[in-house]
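Q: Have a look at this fold, sequence not included:
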């Protein structure tokens, strides 16, 4: 029964993140950081059933760019930063370790043109997701790379 309730909580938080403005989500998670734990516990349980975790692919891809500075938007538990040698700026709604800066991803505390790679791995969540993409573009150096991994069903259409 507890597992079903935890699953329901995860789905509710997930739905709220997708349908709310990021400033509202940031405020909610700052006022109740336990939401982060509940969400990421449910996320980890979901990922266990996947044949491939997209973050593993991103980690391998970044190894081709050993000198690149990286920004990880919606980093969760900062697994990317822990897994690469690159300088990595990690952002999420809550910071539970020193690698992560808690913020609204529409406004990260980095200067313009300060990173070579911006990453969104299953983190384009919110009514204003285009604000996140614009912010990632703002912090990218000229010629920088934007890498997005999302589930196909989020965007509909074919292929």
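A: Received the coordinates, thanks. This is a predicted model, so every value here is computed, not measured.

Q: For the protein, just list every one of the strands.
A: For the chain, applying DSSP state E gives strands covering 70-73, 88-92, 100-102, 115-121, 140-149.

Q: Kindly reformat those strands as TSV and extend each row with mean pLDDT and distance to residue 58.
A: C-betas here are computed from N, CA, C, even on glycine. Below are the strands of the chain laid out as TSV (pLDDT from 0 to 100; distance: least, Cβ to Cβ, whole Å):
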stretch	mean pLDDT	distance to residue 58
strand 70-73	98	9
strand 88-92	98	11
strand 100-102	97	17
strand 115-121	98	6
strand 140-149	97	6
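
Q: any idea of the pLDDT on residue 4?
A: On the pLDDT scale, residue 4 is placed at 61.

Q: Mean neighbour count, the strands of the chain: which tops it?
A: Comparing the strands of the chain by mean neighbour count (mean count of other Cβ atoms under 10 Å), strand 70-73 ranks first with a mean of 26.

Q: that older thread, generate JSON lines for the strands of the chain, with distance to residue 25 as supplementary columns.
A: Shown next, in JSON lines, are the strands of the chain (distance: least, Cβ to Cβ, whole Å):
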{"stretch": "strand 70-73", "distance to residue 25": "13"}
{"stretch": "strand 88-92", "distance to residue 25": "11"}
{"stretch": "strand 100-102", "distance to residue 25": "12"}
{"stretch": "strand 115-121", "distance to residue 25": "15"}
{"stretch": "strand 140-149", "distance to residue 25": "19"}
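
Q: of those, which approaches residue 32 most closely?
A: Evaluated with Cβ to Cβ, the strands of the chain place strand 100-102 nearest to residue 32, the distance being 13.0 Å.
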